[in-house]
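Trainee: Structure for the following, please:
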Amino acid sequence: MVLDEGEIHDCVAILGHRRGTDVSEGWEIERLHAVPADDVKTEDAESLARHDGWVYMFGSHFGSKSGPLQPKWGFVARFREADVEHATKDPAVEVEIFRKCFLLHRLINDALKAEGLDLIPLGPEPYEALIEGTIKRGAEK
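Mentor: Numbers count the residues shown, from 1 in each chain. So this is what the prediction gives:
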C-alpha cells in the first residue's frame, strides 16, 4: 500500500496477515525500507499495482483543486517484488522512478482526441488556475 504524504520511497508500506490466524486479527503493517534509484523528487502517491513481478506506484499527476499542476506529483515508480526479503532491514529495496513532466496527461489527451470523443471544454477559471498557473510556475522555476 502507499501513503500520500511524502516521497514515494518513504511511503510504501507492506500489509500482511499472519498465517493461521483468523481474518479478524493477525494483521500487520510496516513501512518498506526503500531508497530511490536516482535523485528524483516525488510526492502524493495515489495507488499501486502488481504485475509480472513488479510493484508499480503512481502519483496523482495533478495538483490542488485550485491549481497549478505539481510536477513532483506526476510520476510512476516501481520495484521488484523479489527484491523484498524483509520490510524494515538493510539492504533497502531500490525504487526506480520515472517522472516525465505531464507525459501521462499528454498521452491520455492524445488518445481521447484520436478516438474523437466529445469532451466537456475546460472553463476559463480552471484553465487559468491549472493551465496558465502551471505555465507561469514553470517559467518562474
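Trainee: Can you find the helix or strand in this protein with the smallest mean pLDDT?
Mentor: One helix or strand of the chain scores below all others by mean pLDDT, DSSP states H and E: helix 133-140, with a mean of 77.
Trainee: Can you give the distance from it to the centre of its chain?
Mentor: Offset of helix 133-140 from its chain centre (C-alpha atoms, centre = their mean, to the nearest Å): 22 Å.
Trainee: Same question for that helix: list its buried residues.
Mentor: Gly133, Thr134 (16 or more other C-beta atoms under 10 Å). All C-beta atoms are positioned from the backbone trio N, CA, C, and that covers glycine.
Trainee: mind saving the C-alpha coords of it as PDB?
Mentor: Extracted in PDB, the C-alpha atoms of helix 133-140 (Å, rounded to 0.1, in the frame of the first residue of the first chain):
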ATOM      1  CA  GLY A 133      -0.900  28.700 -13.400                       C
ATOM      2  CA  THR A 134       1.300  25.800 -14.400                       C
ATOM      3  CA  ILE A 135       2.900  27.600 -17.300                       C
ATOM      4  CA  LYS A 136       3.600  30.600 -15.000                       C
ATOM      5  CA  ARG A 137       5.100  28.400 -12.300                       C
ATOM      6  CA  GLY A 138       7.300  26.600 -14.800                       C
ATOM      7  CA  ALA A 139       8.600  29.800 -16.200                       C
ATOM      8  CA  GLU A 140       9.500  31.100 -12.700                       C
END
